[in-house]
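Novice: any chance you could fold what I've pasted below:
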Amino acid sequence: MPSSVLARTVEALVLGKLQPRGRGAARIAFLGGSLTYGHGVTSGEDTWPQQFRRALLEIWGAAELTIHNGACPGLLTHLDARACVG
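Specialist: Have a look, this model is predicted:
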């Protein structure tokens with residue numbers, strides 16, 4: 001996804017202009033390295049994907065939202081991603 005499309009999508013989510021379709025569950029997956037994984041935080045609830053989840057729940061109200069943190073600490077290149085898939 002081009003970064004401009006991603007930026008517009010995140011902006012729409014934050015401003016409440018984009019809502020989940022219907023009443024079904026929304027699912028968002030995060031990929032990345034150590035920072036996305038949560039390196040340096042004391043609780044899994046403090047990772048930025050979980051903070052993002054809480055922010056969206058405030059915007060969407062009671063909408064069901066599932067976050068999957070698929071980050072892999074120490075990920076340096078796309079080749080390293082194979083070590084995280086299992």
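Novice: secondary structure class for Leu56?
Specialist: Using DSSP: H, G, I helix; E, B strand; the rest coil as the criterion, the local structure at Leu56 reads helix.
Novice: give me the nearest residue to it, chain neighbours excluded.
Specialist: Using Cβ to Cβ, 6 or more residues apart in numbering and skipping residues adjacent in sequence, the residue nearest Leu56 is Leu65, 5.8 Å away. Using the backbone N, CA and C atoms, a C-beta is placed for each residue, glycine as well.
Novice: can you name the residues bridging to that neighbour?
Specialist: Residues in a beta bridge with Leu65, per DSSP bridges, are Ala26.
Novice: tell me, how many residues neighbour it?
Specialist: Under the neighbour criterion other Cβ atoms under 10 Å, Leu65 is assigned a count of 16.
Novice: would you check that it makes contact with Gln50?
Specialist: No: using Cβ atoms under 8 Å, Leu65 is not in contact with Gln50; the gap is 10.9 Å.
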